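Student: Here is a sequence with its predicted model. Questions after.
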Amino acid sequence: MVYQQTLDPLSLTFAALADPTRRAILSMLKAGEASVKELARPFAMTLPAVSRHLKVLEKAGLITKGRSAQWRPCSLRAEPLKQADDWIERYREHWEGRLDRLDSYIQQLQAEESKEKKK
């Protein structure tokens, strides 16, 4: 069976964020621009492997690569992260509502238990 890859921006963002190395790279870029060599330094992998991670991040729109003579700085683009956060927020509201109902239920059970102990 062949699956067609979805290319919508949100899917690309979540696919890029699925890898811990790419998440670590994004964290490093919060501090500002960095070269591929600088980004590769903390990882036990080759420069081409780091470059492949950067291509995934760039395709998702999470980073941009610039050119300054021989230096190719990478920069963080936070807009796709905001879109992902907006999507997640809808589900956060759902789960918070469920947790509030669970909290009410637990308080009800504790009140009933307290009444039983007083008898």
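Tutor: Yes, it's here. Computed from a predicted structure; not experimentally measured. Numbering: from 1, shown residues only.
Student: how close does the most centrally placed residue in the chain sit to residue 94?
Tutor: By CA atoms, centre = their mean, the chain has its centre lying nearest to residue 17, at 4.7 Å. From residue 17 over to residue 94 the distance is 21 Å, taken as CB to CB, to the nearest Å. Every C-beta, even on glycine, is put in place using the N, C-alpha and C of the backbone.
Student: swap in residue 48?
Tutor: 42 Å.
Student: cool, residue 16 as well?
Tutor: 25 Å.
Student: what is the rounded mean pLDDT of stretch 52-63?
Tutor: Stretch 52-63 shows a mean pLDDT of 96.
Student: Use 50 as the first number from now on
Tutor: From this message on, residue numbering opens at 50, which makes the last subject stretch 101-112.
Student: before we move on, the earlier item: pLDDT at the residue nearest to the residue nearest to the centre of the chain when sequence neighbours are not counted, what is it?
Tutor: Distances taken as CB to CB, 6 or more residues apart in numbering place residue 72 nearest to residue 66, at 6.0 Å, with adjacent residues excluded. If you check residue 72, the pLDDT there is 97.
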